[in-house]
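Asker: predicted model and sequence follow; I will ask about them next.
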Amino acid sequence: TMAHSSLIAILPGDGIGPEVTAEARRVLEALGLDLAFEEAPVGGAAYHQTGNPLPEATLDLAKRADAILFGSVGEPSCDALARHLRPEQAILGLRKELALFANLRPAKLFAGLEDASALRPEVARAIDLLIVRELNGDVYFGEKGMRTTDAGLRQGYDLMSYDEGEVRRIAIAGFAAAQRRRGKLCSVDKANVLETSQLWRDVVIEVAADYPDVALSHMYVDNAAMQLVRDPGQFDVIVTGNLFGDILSDQASMCVGSIGLLPSASLDEGGKGLYEPIHGSAPDIAGQGKANPCAAILSAALMLRHSLGQPAAADRIEAAVASALAAGHRTADLGGTCSTKAMGDAVLAAL
Ligand code: NAI
Ligand code: MG
């Protein structure tokens, strides 16, 4: 019998999303694997076409597909819209609807990029870490609103909460990732102040009993922010909540040179995944062919590894990106002159 070809949903989104996703798709197509692609609008692009940032047809495609390649959402023309119509609701909706709770964000310094890092070369060279960010809870999904206080002041609120089941499943993802890597897990919280974090810490310690081969440590998030810059080489896997993980991973990106280099995988319990760069729609450079496509291309590699059972193809893509960068091909964010397409060409040539 013929193996069925894998269906990849391509959701380019808005801003630089379509530019970087096109390069990632070209790289996937060049591998000669049995992949089928279907594209649908999402975010600002979908809002302008349909009045809905996450149309039913797009959600259907995402559910039907074996894996999703996502660009970015958040174009400024939508800034004045009500929250439920804003492009960002599309990515939040996909994460929630598909129960993509485990967000893996690897960060490693590519050879030759020492000068692009915000850190001293010897500090930057030691970076090889993975942030495992919870993606379905925390302040992003808690009760939120705007009200007026008794004193007549406007008050905004976003409830931070986690139940133990939510913490347990992301803790398991963190321990499992540490087992596959160097066996070190650092759980980042704010347990000195937050009840949410106290529960987080208690549950992580409970789960640790099942992973005696993983060395567990705990760190408050403010200290973690400092340690990421002081001595990032100390980290193997970091497991943390939605908000802390969002912030720490942008910070980690500057330690390795650019946010345009960092991919991510967002996985459900069965291994189905959405793959996207960690960056947003970058309105300041959108439509100019300046965006770095490496984060999107490396996201495609994560897709091959985590959802499509093609680790060798994933390795090939990662090696091609590394060799294109080592040969000096760089977009403007890394101090180079390559266009988005030229960078994609360089990766394809290396492949
Ligand atoms: P951003 O990540 O879009 O941009 C931050 C800075 O990094 C900008 O100076 C941008 O030019 C630069 N940058 C980002 N990606 C780059 C790339 N591939 N190559 C070169 N430079 C790159 O974050 P910002 O400006 O805070 O947010 C812009 C919009 O994106 C907002 O509407 C935000 O809500 C949305 N956003 C969406 C995300 C998503 O789609 N998953 C994630 C983060 C933000
Ligand atoms: Mg972010």
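Answerer: Thanks, I have it. Numbering: from 1, shown residues only. Ligands and ions are numbered 1, 2, ... in the order given.
Asker: do you know the pLDDT at the residue of the stretch 1-150 of the chain found nearest ligand 1?
Answerer: When you check the stretch 1-150 of the chain against ligand 1 by Cβ to the nearest ligand atom, the closest residue turns out to be residue 74, at 2.4 Å. Every residue, glycine included, has its C-beta placed from N, CA and C. According to the model's per-residue confidence, residue 74 sits at a pLDDT of 96.
Asker: how does this structure divide into domains?
Answerer: Using automatic domain parsing, the domain parsing of the chain gives 1-103+262-351, 118-255.
Asker: of all those, which one is nearest residue 112?
Answerer: The closest of these to residue 112 is domain 1-103+262-351. By Cβ to Cβ, the value is 4.6 Å.
Asker: now do the closest one: distance to the chain's middle.
Answerer: For domain 1-103+262-351, the gap between its own C-alpha mean and the chain's C-alpha mean amounts to 10 Å (Cα atoms, centre = their mean, to the nearest Å).
Asker: and what of stretch 161-175?
Answerer: Between the centre of stretch 161-175 and the centre of its host chain there is 18 Å, according to Cα atoms, centre = their mean.
Asker: now do the buried residues in that stretch.
Answerer: The neighbour-count check on stretch 161-175 (16 or more other Cβ atoms under 10 Å) flags 162, 166, 167, 169, 170, 171, 172, 173, 174, 175 as buried.
Asker: so which of these comes closest to ligand 1?
Answerer: For the buried residues of stretch 161-175, with ligand 1 as the reference and Cβ to the nearest ligand atom as the criterion, the closest is residue 170, at 18.5 Å.
Asker: right, and that closest one touches residue 104 too?
Answerer: No: contact criterion Cβ atoms under 8 Å: residue 170 and residue 104 do not qualify, at 10.8 Å.
Asker: now the common contact residues for the two.
Answerer: Taking Cβ atoms under 8 Å, 6 or more residues apart in numbering as the contact definition, residue 170 and residue 104 share the neighbouring residues residue 132.
Asker: residues from the stretch 201-350 of the chain in reach of ligand 1?
Answerer: Residues of the stretch 201-350 of the chain found near ligand 1, taking Cβ under 6 Å from any ligand atom as the criterion, are 259-260, 276, 279-285, 291-292, 295, 333.
Asker: which other helices and strands does the strand or helix carrying residue 24 contact?
Answerer: According to DSSP states H and E, residue 24 maps onto helix 17-30. With contacts defined as 3 or more Cβ pairs under 8 Å, 6 or more residues apart in numbering; DSSP states H and E, the secondary structure elements packing on helix 17-30 are strand 6-13, strand 35-39, strand 67-72, helix 294-306, helix 340-350.
Asker: tell me the angle it makes with strand 6-13.
Answerer: Direction vectors for helix 17-30 and strand 6-13, defined by axes from the mean of the first three to the mean of the last three Cα atoms, to 10 degrees, enclose an angle of 160 degrees.
Asker: now the helices and strands packed on helix 17-30 in TSV, with mean neighbour count?
Answerer: As requested, these are exported to TSV (neighbours: other Cβ atoms under 10 Å):
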stretch	mean neighbour count
strand 6-13	23
strand 35-39	15
strand 67-72	27
helix 294-306	26
helix 340-350	20
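Asker: which stretch among the ones you listed comes nearest residue 264?
Answerer: Shortest distance between residue 264 and the helices and strands packed on helix 17-30, using Cβ to Cβ, is found for helix 294-306: 6.5 Å.
Asker: who are the packing partners of the closest one?
Answerer: The helices and strands touching helix 294-306, judged by 3+ Cβ pairs under 8 Å, 6+ apart, are helix 17-30, strand 67-72, strand 102-108, strand 263-267, strand 273-277, helix 311-326, helix 340-350.
Asker: gap between the residue minimising distance to the centre of the chain and residue 245?
Answerer: Residue closest to the mean C-alpha point of the chain, counted by Cα atoms, centre = their mean, is residue 264 at 3.2 Å. Residue 264 sits 10 Å away from residue 245 when distances are taken as Cβ to Cβ, to the nearest Å.
Asker: what is in contact with those two at once?
Answerer: 103, 105.
Asker: leaving aside the residues next to it on the chain, what's closest to residue 93?
Answerer: The spatially closest residue to residue 93, leaving aside those adjacent along the chain, is residue 54, at 4.5 Å (Cβ to Cβ, 6 or more residues apart in numbering).
Asker: actually residue 257, not the one I wrote
Answerer: Take residue 257 and drop its neighbours on the chain: the residue closest to it by Cβ to Cβ, 6+ apart is residue 116, 3.5 Å away.
Asker: isn't that neighbour up against residue 258?
Answerer: Yes: with contact defined as Cβ under 8 Å, residue 116 and residue 258 form a contacting pair (6.4 Å).
Asker: was I right to think residue 17 contacts residue 283?
Answerer: No: counting by Cβ under 8 Å, no contact exists between residue 17 and residue 283, whose distance comes to 11.1 Å.
Asker: these two: which is more packed in?
Answerer: The neighbour count for residue 17 versus residue 283, taken as other Cβ atoms under 10 Å, is higher for residue 17 (31 against 16).
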